[in-house]
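>>> A predicted structure for the sequence below; I have some questions about it.
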Amino acid sequence: MSDEHKILLTIPMYPDMELAAAKTGSALAELKDFNEEAVEEIQLAIIETCINASEHSQSDDKEVHIQFLVTDDQLQVKISDRGVGITADTLDGTRLLGTPTLHADLRKRGRGLQIIRALMDEVVIESSPNGTTVSFTKKKTPS
Amino acid sequence: MLNKFDIQVRESKGHAIIETAGYLNDALGEKLSEKAQELIQNGYTLLVINLEQTTLINSIGISILIEIIEALDEREGTLNFCGLSATQERTFRMMAIAKYAGIFPDEESAIANL
């Protein structure tokens, strides 16, 4: 039977605090022998989700709540804020296009969710006017 | 030797190399952008950005790299990256950066392909 551990972390919406969450995620992944690439992907997904929460949630408490659930073969991360929620156009990236660039495919902003979806095995986004929770799972690949 | 969060610029005949270390976020990205703009203003249109000591790059850092690509594009310049991790390279390709800038394993090949 595989051990399951739950770790809870709350960070303030303050510059670079996403690194505290990313480092916790990487420490847990390393503890379970995830490979170097997977550890970096987990860190990046955590960073992007925390930045999205800080930039767009408009939450009064200015906090991001992170739950890590780690087993021998996967790491699940659940990142929540108590903000105003996100809209469908934010989810598909069309609201956050940023300044037009010389090349249409070279968008400056609004790529965080695309990165998370590409790097993680499963991504679930739940949002309401009371907040947003982004959950993602990274499975350990056999070495 | 670079500090944990630092930028180092080396100017050479016809090209310049910018080396970054640490977390490439908005703060380090702005410093990088300033250095790149300064080089471009001084006539350097062939640049290499060495990211070997850059442990993590967030999407804001990437957006700043895109601005540098655009600034060079306007002057028909070239930007090559080197020292990327596998995840960074994958992200750059996903974000179409690899279409407009070169990605090379080391500084030598990045300079040779300017």
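Cool, the structure landed.
>>> show me where chain A has strands.
Secondary structure of chain A, counting by DSSP state E: strands at A:5-12, A:63-70, A:74-81, A:122-128, A:131-139.
>>> Quick one, which of those gets closest to residue B:88.
strand A:131-139 (17.1 Å; C-beta to C-beta). C-beta here means a position set from N, CA and C on the backbone, and glycine is covered the same way.
>>> ok, back up a step: can you add distance to residue B:41, mean pLDDT and mean neighbour count and give the strands of chain A back as TSV?
As requested, those are exported to TSV (distance: least, C-beta to C-beta, whole Å; pLDDT from 0 to 100; neighbours: other C-beta atoms under 10 Å in any protein chain shown):
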stretch	distance to residue B:41	mean pLDDT	mean neighbour count
strand A:5-12	38	96	13
strand A:63-70	39	98	20
strand A:74-81	41	97	23
strand A:122-128	42	94	14
strand A:131-139	41	97	20
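>>> quick one: which of these is nearest chain B?
Between chain B and the strands of chain A, the shortest gap by C-beta to the nearest C-beta is with strand A:131-139, which sits at 11.9 Å.
>>> Reformat the strands of chain A as JSON lines; add distance to residue B:94.
Supplementary listing: the strands of chain A in JSON lines, determined by distance: least, C-beta to C-beta, whole Å:
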{"stretch": "strand A:5-12", "distance to residue B:94": "26"}
{"stretch": "strand A:63-70", "distance to residue B:94": "24"}
{"stretch": "strand A:74-81", "distance to residue B:94": "20"}
{"stretch": "strand A:122-128", "distance to residue B:94": "15"}
{"stretch": "strand A:131-139", "distance to residue B:94": "16"}
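>>> Going by neighbour count, list what's buried in stretch A:13-24.
Of the residues in stretch A:13-24, A:13, A:18-22, A:24 count as buried by neighbour count, 16 or more other C-beta atoms under 10 Å in any protein chain shown.
>>> Export only the CA atoms of that stretch, formatted as CSV.
Output for stretch A:13-24, consisting of C-alpha atoms alone and laid out as CSV, is shown next (Å, rounded to 0.1, in the frame of the first residue of the first chain):
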residue,chain,number,x,y,z
MET,A,13,0.1,37.4,-2.4
TYR,A,14,3.5,39.1,-2.3
PRO,A,15,6.2,39.2,-4.9
ASP,A,16,8.2,35.9,-5.2
MET,A,17,6.2,34.1,-2.5
GLU,A,18,5.2,31.7,-5.3
LEU,A,19,8.8,30.4,-4.9
ALA,A,20,8.0,29.2,-1.4
ALA,A,21,5.2,27.0,-2.8
ALA,A,22,7.3,25.9,-5.7
LYS,A,23,10.2,24.8,-3.4
THR,A,24,7.8,22.9,-1.2
